[in-house]
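Enquirer: compute the structure for the input listed below.
(2 chains)
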Amino acid sequence: TQLLEQSPQFLSIQEGENLTVYCNSSSVFSSLQWYRQEPGEGPVLLVTVVTGGEVKKLKRLTFQFGDARKDSSLHITAAQPGDTGLYLCAGRGSNYKLTFGKGTLLTVNP
Amino acid sequence: DTAVSQTPKYLVTQMGNDKSIKCEQNLGHDTMYWYKQDSKKFLKIMFSYNNKELIINETVPNRFSPKSPDKAHLNLHINSLELGDSAVYFCASSQGGQVAKNIQYFGAGTRLSVL
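Expert: All right, here's what the predicted structure looks like:
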């Protein structure tokens, strides 16, 4: 069974601060995705990373896939209250099934 | 014009009852999924259908039975509901199940409360 450990589980910061969320596993994934979920809604895909060492930027969000394709990070620069939500990483294994981490609940206070 | 729609959004029922959750997608996708999200927000896959055929069946009690009448619909029927079934159930769909960059689109969820 492939497991994804996500940390931290909870994060409460002030507007303007930077933060990093980590997603780690002992397993290799063919790709890794980051989703954001708001209360009462389903997860929405933010990015997919496929190549080891790949870095993708989405405005103030920077996503990195580890060289060995076992881990990933999400860095948010100058967080805003609109960034508040549950961030989920999800890895796709050799059977193409998507395995989710337990999520990071981010609160950005004005 | 919701892409993946689930009904009902909320479901409150007594232990022992049988209930169904419906899911429809208008994206023309060939693969659909059911996920369960527990109280700690852990999202775990339950089933996946590709062109009406079951391709993923996780360790789920056989009280849960998915049914796909066509590739745009995947319904979830639950028999003899138990307290531990209380959770938010998400339907999702994607085009092409076995692709590394496969994008899944999720419905808004059905919050099931078993009393």
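Enquirer: any residue of the host helix or strand of residue A:6 touching chain B?
Expert: Assigned by DSSP states H and E, residue A:6 belongs to strand A:5-7. No: residues of strand A:5-7 contacting chain B under C-beta under 8 Å from any C-beta of the partner chain: none, with a closest distance of 10.0 Å. In this view, the C-beta of every residue, glycine as well, is placed from N, C-alpha and C.
Enquirer: over to residue A:82. Which of the three states is it?
Expert: helix (DSSP: H, G, I helix; E, B strand; the rest coil).
Enquirer: number of residues surrounding the closest residue to it other than its chain neighbours?
Expert: Leaving aside its sequence neighbours, residue A:82 sits nearest to residue A:108 (C-beta to C-beta, 6 or more residues apart in numbering or on different chains; 7.8 Å). Residue A:108 has 20 neighbours, counted by other C-beta atoms under 10 Å in any protein chain shown.
Enquirer: got phi/psi on the residue in chain A that chain B sits nearest to?
Expert: At 2.9 Å from chain B, residue A:42 is the closest residue in chain A, using C-beta to the nearest C-beta. Main-chain torsions, residue A:42, degrees, to the nearest 10: phi -90, psi 160.
Enquirer: show me what from chain A comes close to chain B.
Expert: Counting by C-beta under 8 Å from any C-beta, chain A sits next to chain B at A:30-31, A:37, A:40-45, A:48, A:50, A:86, A:88, A:92, A:96-100, A:102-103, A:105.
Enquirer: so where's chain A shaky on pLDDT?
Expert: A:1-2, A:95-96 (pLDDT under 70).
Enquirer: circling back to that earlier point, residue contacts, the residue of chain A closest to chain B?
Expert: If you count contacts by C-beta atoms under 8 Å, 6 or more residues apart in numbering or on different chains, residue A:42 has them with B:4, B:90, B:92, B:106-109.
Enquirer: circling back to that earlier point, you'd agree the residue nearest to residue A:82 is in a strand?
Expert: Yes: assignment of residue A:108 by three-state DSSP places it within a strand.
Enquirer: in what helix or strand does residue B:66 lie?
Expert: Going by DSSP H and E, residue B:66 is part of strand B:64-70.
Enquirer: show residues contacting the helix or strand containing residue A:57.
Expert: For residue A:57, the host element (DSSP H and E) is strand A:55-58. The contact list for strand A:55-58 (C-beta under 8 Å, 6+ apart) reads A:46-47, A:49, A:62-65.
Enquirer: elements contacting the following helix or strand past it?
Expert: Counting by DSSP H and E, the element after strand A:55-58 in chain order, helix or strand, is strand A:61-65. For strand A:61-65, the packing partners by 3 or more C-beta pairs under 8 Å, 6 or more residues apart in numbering or on different chains; DSSP states H and E come out as strand A:44-49, strand A:55-58, strand A:71-76.
Enquirer: output the ones you listed as a markdown table; include the columns mean neighbour count.
Expert: Putting these into a markdown table (neighbours: other C-beta atoms under 10 Å in any protein chain shown) gives the following:
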| stretch | mean neighbour count |
| --- | --- |
| strand A:44-49 | 18 |
| strand A:55-58 | 13 |
| strand A:71-76 | 21 |
